[in-house]
Every structure is written in C-alpha cells, then in structure tokens.
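# Dropping the sequence and predicted coords here.
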Amino acid sequence: MPPTTALTVPRHGASDVLTTTTIDVPAPGPGQAQVEVAAAGVNFIDVYQRQGVYPIPVPFTLGLEGAGVVVAVGEGAEVAVGDRVAWAMQPGSAAGLANIAAAQLVPVPGGLALSVAAAAMLQGMTAHYLVNSTYTVQPGDVALVHAAAGGVGQLLVQLITAKGGHVIATAGSPEKLEIARRLGAETLINYRTEPDLAGAVRRATGGAGVHVAYDGVGKDTFDASLASLRPRGMLALFGGASGQVPPFDIQRLNAAGSAFLTRPSLAAYLQSRDELLWRAGEILAALADGSVELEIGGRWPLAEAATAYDALEARRTTGKLLLIP
C-alpha cells in the first residue's frame, strides 16, 4: 500500500480543523482505478461536509473532484494505466493518490490541461444541468445569475449566452461585474451597493421579471431571487454560500405568480454513466476547443488548504480554486 498525503477532516468545524496526514492507499479494488491526482477542486460542498451540514462520519479525506493519470487498475476496470481522467462526486479526492470507481471517470481530451479538467468537473457539470435540465434555457429567456464571477457563475453566463439567453449578473465589486460583462452578461448589478436588488432586476426587465434565477448564494439573496421572477418563473437554489435558507411559507410561491422552486444537486443529475459522459463530455470539449473559458482563481498546496477555503467562504475570489497535491 503506497503512502500518500491527504487532506483530512478529523472533526467537524471551521477551516482550522483541516489537517494534512500521510495515509496508506490500498491497491485498487474490482472496478476501481488508482489515480495520481494532478489537481483537486475546492468547492462549497466541501465546506458543508467539513462543517457537518452534510453529515459524514469523521475522520475523512476531503475533496470530491479532481483529475490525474491512472497508475494502477483493479479487476474489471475499463481504463488503462496512463489514461488521463477526471471525475466528480468521488470522496477522498484531495490526496496525492485516490482510488476512484472507473465507471465515474471520464476521459480528458488531448491538449486540455489536467488542472483545467479538474477545475471544470463539479462546477462545469453543475452549470450544464442547470441550463439544460433544471430549467432548459431557450433563446430570448432572461436569467438572473448571482455571484456571476464565481466558478459556477462564469460558466452559467457563458452557457446561457450561447443558448441565446440574456443574463442579468450580480456580483460584489466592479471588478467582478466586469468579468461577467466580458463573458456576455448584459445587465450588471452590484449587490453590495444596490439597496433593492429585486427592484433593480425588475427595472432591467421592464417590470416583467426573469424566467429563471440561478442562486448559489442562498440566505442573502433568496428573497430577492424569488421577488425577481415573472409569473411561473423558476428559482433554482443550487447552493448556500451565504448560509442555508431557513424554512419558509410555500404560499409565497403562490404570491410570486405560481413560481417554481427547486433545490437541485449534481448527484441527482448524474443518474447514469451516459448522463455523466454527456455532461462532462460537453463541458470538457467546449474548454478544449475554446468555446468556453474557465478562470482558475488560485492554486494552493494541500498544507495551505485552509487559506483556500477561507477565501472561498469570504467570497474574495473569482473563478475556480484548486488544491495541488
């Protein structure tokens, strides 16, 4: 069993509980591949797991996505040593070596850096399901995208625009709003200086409201998102960067014009290998051919992971953050 360095959560809590430890990695079991991890993604779901919002027995190795090179295969694994692969929603990814179910691995196109593939998996497939499945964006649709300069936000702006939709983007600084504008957003709102966020959205739509609001911020933006919808509009609450939304009276959906509310998660949109290959394949291909761009906002070694997560939670970053084992 080769030793490797892993980012461990010994107990639930703040980022200061994170520890780098040496663990022994067993040989890959049936249907598994052992991957030398080139990069692992930093995501809010990691924060929820570390805090215990999504309860996982401790201790555990953090990280759910990454990319690397296959170094060993178990019986029946349909990959080969030397394959360049990426994955998402696979626990234990923030380590030098990881055993991953081969059925969850996707090929990385030639010419696409492994770090970019690692950065694209969870957030890229999240953006993909949000615009293709949760609410299928049509030409002319108007979408509200919060945190539009973040990892998912930047991808949402590009995918919505590519489908002929119009984006109203919110972010917390002029610099972040400029990123959203460059990627295709037509209306820009600074949520830190705008006292009436929903009112600004309604003014931008001539009072009509948006067809869909993509909200990964949560508690701080939920009310404005709901108030920004047109009749029968959809609020896709896919995260809680500012905290979880408390229980609320569902009659508010009636008052909002028979609005729809969904709390989607990536796992529910990866119900088969075909669905995994569709979502990951389209995102990685778009990155490889340059039709979609992805900003990597920072890289940290495992020993400095707390700094990366602190920056993510404080919303001081743009783009995607990576850990480099």
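Cool, the structure landed.

# quick one, helices of the stretch 1-150 of the chain?
Per DSSP state H, counting those that start in this stretch, the stretch 1-150 of the chain carries helices over the ranges 44-51, 114-129.

# I'd like those helices laid out as TSV, including distance to I324.
Glycine gets a C-beta too; all of them are placed from N, C-alpha and C. Below are the helices of the stretch 1-150 of the chain laid out as TSV (distance: least, Cβ to Cβ, whole Å):
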stretch	distance to I324
helix 44-51	15
helix 114-129	8
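
# Identify whichever of these lies nearest to E293.
E293 lies closest to helix 114-129 among those, at 9.7 Å (Cβ to Cβ).

# which other helices and strands contact that closest one?
strand 32-41, strand 66-73, strand 84-87, helix 151-162, helix 273-289, strand 296-301, strand 320-324 (3 or more Cβ pairs under 8 Å, 6 or more residues apart in numbering; DSSP states H and E).

# Tell me which of these lies nearest to I56.
Closest approach to I56 among the helices and strands packed on helix 114-129 is made by strand 32-41 (16.5 Å; Cβ to Cβ).

# Break this structure into its domains for me.
3-121+267-324, 138-263 (automatic domain parsing).

# sorry, back to before: least reliable of the helices of the stretch 1-150 of the chain by average pLDDT, please.
Mean pLDDT across these is lowest at helix 44-51; the value there is a mean of 93.

# orientation of that one relative to strand 32-41 in degrees?
Note on geometry: by axes from the mean of the first three to the mean of the last three Cα atoms, to 10 degrees, helix 44-51 and strand 32-41 are set 100 degrees apart in direction.

# packing partners for helix 44-51?
Using 3+ Cβ pairs under 8 Å, 6+ apart, the elements in contact with helix 44-51 are helix 305-313.

# Can you tell me what sits against stretch 245-256?
Residues outside stretch 245-256 that contact it (Cβ atoms under 8 Å, 6 or more residues apart in numbering) are 218-219, 222, 226-227, 229, 231, 233, 237, 259-261.

# One more: stretch 189-206?
Stretch 189-206 is contacted from outside by 142, 144, 146, 168-174, 177, 187, 208-210, 220-221, 223-225, 227-228, 230, using Cβ under 8 Å, 6+ apart.

# mind running it again at 7 Å?
142, 144, 168, 170-172, 174, 177, 187, 209-210, 224, 227-228 (Cβ atoms under 7 Å, 6 or more residues apart in numbering).

# got it, and stretch 280-289?
Applying Cβ under 7 Å, 6+ apart, the contact partners of stretch 280-289 are 106, 108-109, 111-112, 116-117, 120-121, 124-125, 128, 292, 294.

# Mind checking which of the contacts of stretch 189-206 are in helices?
Using DSSP state H, the subset of the contacts of stretch 189-206 located in helices is 174, 177, 224, 227.

# Report how many residues lie close to the second one.
L177 has 21 neighbours, counted by other Cβ atoms under 10 Å.

# so what's the closest residue to it other than its chain neighbours up against?
Nearest residue to L177 in three dimensions, chain neighbours excluded: L188, at 4.3 Å (Cβ to Cβ, 6 or more residues apart in numbering). Residues in contact with L188 (Cβ under 7 Å, 6+ apart) are 169, 177, 180-181.

# Check T318 too.
T318 is in contact with 149-150, 176, 179, 295, 297, counting by Cβ under 7 Å, 6+ apart.

# what does T262 give?
So T262 contacts 134, 234, 236 (Cβ under 7 Å, 6+ apart).

# same deal with V106?
Residues near V106 by Cβ under 7 Å, 6+ apart: 85-87, 276-277, 280-281.

# residue ranges with poor pLDDT in the stretch 101-250 of the chain?
Within the stretch 101-250 of the chain, no stretch has pLDDT under 70.

# Mean neighbour count and distance to D196 for the helices of the stretch 1-150 of the chain - can I get that in TSV?
Formatted as TSV, the helices of the stretch 1-150 of the chain follow (neighbours: other Cβ atoms under 10 Å; distance: least, Cβ to Cβ, whole Å):
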stretch	mean neighbour count	distance to D196
helix 44-51	20	27
helix 114-129	26	28
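
# The nearest residue to A147 once chain neighbours are set aside: how many residues sit nearby?
Nearest non-adjacent residue to A147, counting by Cβ to Cβ, 6+ apart: G153, 4.6 Å away. Using other Cβ under 10 Å, G153 has 29 neighbouring residues.

# Same check on the one 3 residues further on?
Here the number of neighbours of L156 (other Cβ under 10 Å) works out to 32.

# now Y269
Neighbourhood size, Y269 [other Cβ under 10 Å]: 18.

# Among the ones in helices among the contacts of stretch 189-206, which one sits closest to A162?
Closest to A162, out of all of the ones in helices among the contacts of stretch 189-206 and judged by Cβ to Cβ, is L177, at 20.1 Å.

# mind listing what that closest one touches?
Shown in contact with L177 (Cβ under 7 Å, 6+ apart): 169, 171, 188, 190.

# one more time with 10 Å, if that's ok
For L177, the contact set (Cβ atoms under 10 Å, 6 or more residues apart in numbering) comprises 148-149, 169-171, 185, 187-191.
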